[in-house]
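> sequence first, then the predicted structure, then my questions.
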Protein chains: 2
Amino acid sequence: MIKYPNQMQKVPSSLNLKKRNLKKANLGTEFEDRINNSNNYYLQARIASIFKKPTPVQIVKVDYPARNKARIVEAYYRTPSTTDYNGIYKGYHIDFEAKCCHSTSFSFAHIYKHQIEHLITIDEMGGIAFLIIEFSLYKEIFILPAKNLYARYKLALKDGKKSISHQDFIDEGYLVPTGYAPEIDYLKVVDLLIAKKSEQ
Amino acid sequence: MIKYPNQMQKVPSSLNLKKRNLKKANLGTEFEDRINNSNNYYLQARIASIFKKPTPVQIVKVDYPARNKARIVEAYYRTPSTTDYNGIYKGYHIDFEAKCCHSTSFSFAHIYKHQIEHLITIDEMGGIAFLIIEFSLYKEIFILPAKNLYARYKLALKDGKKSISHQDFIDEGYLVPTGYAPEIDYLKVVDLLIAKKSEQ
């Protein structure tokens, strides 16, 4: 059995956040945790190897208070180059961004332009790329393929409608089945995307 | 042209390192920079999309000194879950660890057991996984496929020889061509690994 150290210990990433940010931060983190748990299930079952990338941090100052235990004392969050998750499933390169939406529509303000472009690049290079989104109001999770996300984005630039509604996700996305093991069985939808890709 | 923010600005990652660590750290960083430059070339030429993962950091304390500019004031380096680099090339999932070796042999002390196991998992799942290593003494770069690395590792557990010599890399690895654009043309070797994989 392969052990991956980061999954064995929880990191208190939201420690010392201001109280007003705490609730929102936790909600997003909870969705991430469920995806991470699902990825852990997929890995243990030898179905897929998909990981969340570390949060990019620009390290400015490091202290060495005792015996080589480096302590970072000044650092800043950086803009991520790419997306949250990637890995391999059935030989396909998988790449996706995960978002938790607390409204009735997903605003393009919550995703970087270069992330959308990264997803479409992966799709064009033969990978499976998408946005996975949880609508907390509806308790529903959708996958929107990179192509649809990109088309919506270009439309937004033209007509100024800077968000994708819950109904748009129903019409153009795929509802992700949830359960116990794995909690979020998103590879079921990826199977559909792979089938579509091999038709092309 | 797709712009990826992290490649546009250099991060002074080795700032405030103790002097005795500085030289070694810089040498490793220089090899990483050259791989990153090569990846940037591959991406701009639409050949491949391969990125270095951010350094994993456990964030303990964050301050908000002014106008939402979060400042991390206590954090620690974490053990990476997987490897340094991954991405997509010719539809294949690519995954590798990069090391700079200043000796005549590469010691297993410089790579985690779970990283070797991760590479072999990726290989078994249909990806292209390897160790890329620069021997600074010989000014040579080699790729050692995951299978060979794993076999060497199992041998090391048995016979106690806890390193892979430069000669072993010559015998079992592939010399990586270097030049101007890209500086390290490691996808040439990946082409050979893909050809070998499709024969299987």
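Alright, I've got the coordinates. Note that the structure is predicted; figures quoted are calculated from it, not measured.
> tell me the helix or strand right after the lowest-mean-pLDDT helix or strand in chain A.
Across the helices and strands of chain A, mean confidence by mean pLDDT, DSSP states H and E is lowest for helix A:19-44: a mean of 78. Downstream of helix A:19-44, the first helix or strand assigned by DSSP states H and E is strand A:48-52.
> near chain B at all, that following strand?
Yes - interface with chain B: strand A:48-52 contributes A:48-49, A:51 (CB under 8 Å from any CB of the partner chain). From N, CA and C alone the C-beta is placed, and that goes for glycine too.
> what residues does that strand touch?
A:4, A:32, A:35-36, A:39, A:42-43, A:84-90, A:94, A:187, B:81-82, B:118, B:121-122, B:125 (CB atoms under 8 Å, 6 or more residues apart in numbering or on different chains).
> parallel or antiparallel, list what pairs with the very next helix or strand once past it.
Following strand A:48-52 in sequence order, the next helix or strand is strand A:57-63 (DSSP H and E). The pairing partners recorded for strand A:57-63 under DSSP bridges are strand A:71-77 (antiparallel).
> which parts of the partner strand are buried?
Neighbour-count burial for strand A:71-77 flags A:72-75 (criterion: 16 or more other CB atoms under 10 Å in any protein chain shown).
> may I see those arranged in CSV, with pLDDT as well?
Supplementary listing: those in CSV, determined by pLDDT from 0 to 100:
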residue, pLDDT
A:72, 95
A:73, 95
A:74, 95
A:75, 95
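> on that earlier part again, want to throw the residues of strand A:48-52 next to chain B into CSV with pLDDT and distance to residue A:144?
Shown next, in CSV, are the residues of strand A:48-52 next to chain B (pLDDT from 0 to 100; distance: CB to CB, whole Å):
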residue, pLDDT, distance to residue A:144
A:48, 98, 20
A:49, 98, 23
A:51, 98, 21
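> most neighbours among those residues, which one?
Per-residue neighbour counts (other CB atoms under 10 Å in any protein chain shown) across the residues of strand A:48-52 next to chain B peak at residue A:49, which has 25 neighbours.
> across the sheet, point out what pairs with it.
Bridge pairing for residue A:49 - DSSP bridges - gives residue A:88.
> wait, isn't residue A:42 in contact with residue A:185?
No - if you go by CB atoms under 8 Å, residue A:42 and residue A:185 don't touch, sitting 9.2 Å apart.
> which residues in chain A form helices?
Secondary structure of chain A (DSSP state H): helices located at A:19-44, A:113-124, A:146-159, A:166-172, A:187-199.
> out of those helices, the one nearest chain B is which?
helix A:113-124 (4.7 Å; CB to the nearest CB).
> which residues touch the closest residue to residue A:32 other than its chain neighbours?
Using CB to CB, 6 or more residues apart in numbering or on different chains and skipping the chain neighbours, the partner closest in space to residue A:32 is residue A:98 (6.3 Å). For residue A:98, the contact set (CB under 8 Å, 6+ apart) comprises A:31-32, A:35, A:84-85, A:131-133.
> how many other residues sit next to residue A:182?
Under the neighbour criterion other CB under 10 Å, residue A:182 is assigned a count of 21.
> and residue A:178, what are its bridge partners?
In this entry, residue A:178 is beta-bridged to residue A:184, by DSSP bridges.
> so it makes contact with residue A:142?
No - with contact defined as CB under 8 Å, residue A:178 does not reach residue A:142; the gap is 11.6 Å.
> okay, those two: which has more neighbours?
Taking neighbours as other CB under 10 Å, residue A:178 and residue A:142 compare with residue A:142 leading, 25 against 16.
> isn't that one right up against residue A:135?
Yes - contact status for residue A:142 versus residue A:135: in contact at 7.3 Å, counting by CB under 8 Å.
> any common contacting residues for those two?
Common neighbours of residue A:142 and residue A:135 are listed as residue A:169 (criterion: CB under 8 Å, 6+ apart).
> ok, residue A:190 - contacts?
A:89, A:92, A:94, A:128, A:143.
> nearest residue to the first one in space, please, no chain neighbours.
Using CB to CB, 6+ apart and skipping the chain neighbours, the partner closest in space to residue A:89 is residue A:48 (3.8 Å).
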